[in-house]
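Visitor: Here's a sequence, model it:
(chains A and B)
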There are 2 protein chains.
Amino acid sequence: MEIVCKQSELNNAIQLVSKAVSSRPTHPILANILLTADQVTNKISLTGFDLNLGIQTSFDALVNKSGAITIPSKLLLEIVNKLPNESPVTISVDDSSDNILLKSERGSFNLKGIPSDDYPNLPFVENGTSLDIDPFSLLKSLKLTIFSSSNDESKQLLTGVNFKFKKNCLESAATDGHRLAVFLTNNEQINDVKDVINEDSLSVTIPTRSLREIEKLLTLKNAEKSIKLFYDKGQIVLISSSQIITTRTLEGNYPNYSQLIPDSFSKILKFETKQLIDSLERIAVLADQQSSVVKIKVGDDQLALISADAQDIGNANESLSVAFSGDNFEIAFNVRYLLEGLRVISSQYVLLKCNLPTTPAIVVPEDNLSAFTYLVMPVQVRS
Amino acid sequence: MEIVCKQSELNNAIQLVSKAVSSRPTHPILANILLTADQVTNKISLTGFDLNLGIQTSFDALVNKSGAITIPSKLLLEIVNKLPNESPVTISVDDSSDNILLKSERGSFNLKGIPSDDYPNLPFVENGTSLDIDPFSLLKSLKLTIFSSSNDESKQLLTGVNFKFKKNCLESAATDGHRLAVFLTNNEQINDVKDVINEDSLSVTIPTRSLREIEKLLTLKNAEKSIKLFYDKGQIVLISSSQIITTRTLEGNYPNYSQLIPDSFSKILKFETKQLIDSLERIAVLADQQSSVVKIKVGDDQLALISADAQDIGNANESLSVAFSGDNFEIAFNVRYLLEGLRVISSQYVLLKCNLPTTPAIVVPEDNLSAFTYLVMPVQVRS
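Guide: Down below sits the predicted model:
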């Protein structure tokens, strides 16, 4: 193999695919990045794959000789990142010894590669379902749900986000058992390509760890219009113009979360979102000293009293104006759960809807049209 | 006690003194900040003290009632930092219960204080030596030496920086046994206040941990013209217009480092500083895979070959233009030591002066006037 490419393009590609290289690889070759070069198309392709998440990206270069090799990811990342910007980089591989010679204007690096034969293939979905996805809708879905998924590996399905691809709409949901985030977005691009989306929507649960990397990639991407999604046998493959992302899915039936969301509420509190967040963050300083419990109490005066009590350390309270309908009452939450839900809401006002101090409450943006619903279980406190 | 002050001023003061509050206090009160208020002068003073380093700062406020209390540092820091900016903050203390009530426009916090009686006094130097110091010279001394001191607590004196206050000049030095940084600066402000600086200069060694905080404080300070330094019985007290910093010194005679620096050199290499740093940083990627050893080889062609070899992993080399006088030779260094010394040098060119591959080499800025000298021991390599 022999290629010449720009430092900046090579550097970007390595940064991208190294996200899918395991930091604790189970096999030496999984610590490497796969580099393939095609003399006919003058394209280079880089691949990182930890057996769960795979990222492949390709770009134009001068390919003098086709070939494939795997290169230690960390070392390559550090070296290329430090090479002079925009300068040409030459990579040549001695096919008999797997020695890699990386040359820049200033000097050269010799690295030991591992032959590409042993590198696992990215999952390839031949049959199964295929959809078009609007990347902006997908990114928004991730931002509004990922944080609610569980970090506890024993909770299996709950360590992912569930996606339901329906006719022209995408529903995403995540829950860790204490709170639930559900987001519904239009996706005009969902086309019923293979006629598999009928009354039963396609439901897949994707591990949060993969989704966090996908979120970063989507944030980087400059306005790609459409992404192709393929699904078959526990594997999702996302294909954009120059990248392929693969991730396994979590097997099993995602809990039927919609039945948890109450249909009606006896108390509705309307807060200025930023004001409520600021207050809760201050009160959280005290709350976090012990149980992270914050109490919200509303009375006749259209004021909400937000308070926390940390025994032997101190207590805190603030009054906040609230538009309130219903009977006077008091309810308590884990302040972290409440804050995490509020922080993804961008509308000026937010509604906190409750029934009893022991039944699920929901937080929704005031201008919602039922697109985002955040359910939180209250905490029972002795009073 | 009852005071009213600005959130921003209180916040800045807490940030400052909390640097001297221990994260693992040996006594509960040492996790607290001492707050004292004087109704006569309308001044508030805050103190943090970990028994080694002490920082006290004061500012104007409305003091309705004098008093003193100690408040949990972390809690106070977090709470005040989150209060609305520029808004007034009221702190009142119930003297009988030591309960602290902190009120802002939006709400209130109750905290449990500890009476100030048990808080240790900052060291006070009554007799001994007193000097005026130029804060800019002190800051520069710290930037050029601190990094060379040892992190190994068993090395006692070497975990500090040694300062020699001489007539109108300040010499600072730090070494960890592998390298040595020495900086000489004018200090027109060193006045022989108590006539103790005669032919014997005042020599004190201050712990690096304290100096790092002093460095931060000096960086923050907007151009104070002069700082008073007092020294007596293992304590340094630095006094500026609104702050007092105290630190214990390290006892013992600092090694006579000047005898380590060779008088003459048979080889002198002149590099472009930035070019040399960039090259070394790239080569370091390979060097750091094993021993961190980098080799520098010069020949007749006015090129320096910089290289590193990591067995079984790879090797790297770069050629760099060098102005060189002396015989062709090769020398090896720990690349980290070399880089750390080079990074504090701001001149465009740098000189590397050597004798044998086994004797100390020094790095100096080209326009030096012998103000900064960085000595590095070479590494012996089999060739």
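Visitor: near chain B, which residues of chain A show up?
Guide: For chain A, the residues in contact with chain B (C-beta under 8 Å from any C-beta of the partner chain) are A:72, A:75, A:78-79, A:82-84, A:100, A:106-112, A:278-279, A:281-283, A:285-286, A:289, A:306, A:312-320. (C-beta placed from N, C-alpha, C; glycine too.)
Visitor: which of the residues you listed are buried?
Guide: Listed as buried from those are A:72, A:75, A:78-79, A:82-83, A:100, A:106-107, A:109-112, A:278-279, A:282-283, A:285-286, A:289, A:306, A:314-320; burial here means 16 or more other C-beta atoms under 10 Å in any protein chain shown.
Visitor: buried residues in the helix or strand hosting residue A:16?
Guide: Following DSSP states H and E, the helix or strand that holds residue A:16 is helix A:7-17. By neighbour count on 16+ other C-beta under 10 Å, the buried set for helix A:7-17 is A:7, A:9, A:10, A:11, A:12, A:13, A:14, A:16, A:17.
Visitor: do the same with stretch A:251-269
Guide: For stretch A:251-269, by 16+ other C-beta under 10 Å, it's A:254, A:257, A:265, A:267, A:269.
Visitor: quick one: which of those is nearest residue B:34?
Guide: residue A:269 (41.5 Å; C-beta to C-beta).
Visitor: got a list of what whichever residue of the stretch 51-200 of chain A sits closest to chain B touches?
Guide: Nearest to chain B, among the residues of the stretch 51-200 of chain A, is residue A:107, at 2.9 Å (C-beta to the nearest C-beta). Contacts for residue A:107 (C-beta atoms under 8 Å, 6 or more residues apart in numbering or on different chains) come out as B:279, B:282, B:283, B:306, B:316, B:317, B:318, B:319.
Visitor: sorry, back to before: starting at the chain centroid, how far to the helix holding residue A:16?
Guide: Distance, stretch centre to chain centre, for helix A:7-17: 21 Å (C-alpha atoms, centre = their mean, to the nearest Å).
Visitor: quick one: contacts of it?
Guide: A:33, A:44, A:46-48, A:55-61, A:73, A:76-77, A:80-81, A:83-89, A:104, A:217, A:220, A:243.
Visitor: my read: residue A:35 touches residue A:71, true?
Guide: Yes: assessed by C-beta atoms under 8 Å, residue A:35 is found in contact with residue A:71 at 6.0 Å.
Visitor: Check the offset of the longest helix seen in chain A from the chain's centre.
Guide: Counting residues, the longest helix found in chain A (DSSP state H) is helix A:273-287. Relative to the mean C-alpha coordinate of its chain, helix A:273-287 is positioned 26 Å out (C-alpha atoms, centre = their mean).
Visitor: Give me the contact list for it.
Guide: By C-beta under 8 Å, 6+ apart, helix A:273-287 touches A:292-294, A:306-310, A:313-318, A:320-321, A:335-336, A:338-339, A:342-343, A:345, A:347-350, A:365, B:75, B:78-79, B:82-84, B:106-107, B:109.
Visitor: Go again with 7 Å.
Guide: A:293-294, A:306-308, A:310, A:314-316, A:318, A:320, A:335, A:338-339, A:342-343, A:345, A:347-350, B:75, B:78-79, B:82-83, B:106, B:109 (C-beta atoms under 7 Å, 6 or more residues apart in numbering or on different chains).
Visitor: Just the CA trace of that helix, in PDB.
Guide: Extracted as PDB, the C-alpha positions of helix A:273-287 are listed here (Å, rounded to 0.1, in the frame of the first residue of the first chain):
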ATOM      1  CA  THR A 273     -38.000  27.400  33.100                       C
ATOM      2  CA  LYS A 274     -34.700  29.200  33.700                       C
ATOM      3  CA  GLN A 275     -35.900  30.500  37.100                       C
ATOM      4  CA  LEU A 276     -36.900  27.100  38.200                       C
ATOM      5  CA  ILE A 277     -33.600  25.600  37.100                       C
ATOM      6  CA  ASP A 278     -31.600  28.300  38.900                       C
ATOM      7  CA  SER A 279     -33.500  27.800  42.100                       C
ATOM      8  CA  LEU A 280     -33.300  24.100  42.000                       C
ATOM      9  CA  GLU A 281     -29.500  24.300  41.400                       C
ATOM     10  CA  ARG A 282     -29.000  26.400  44.500                       C
ATOM     11  CA  ILE A 283     -31.300  24.300  46.700                       C
ATOM     12  CA  ALA A 284     -29.500  21.200  45.300                       C
ATOM     13  CA  VAL A 285     -26.300  22.300  47.000                       C
ATOM     14  CA  LEU A 286     -28.000  21.500  50.400                       C
ATOM     15  CA  ALA A 287     -30.200  18.700  49.100                       C
END
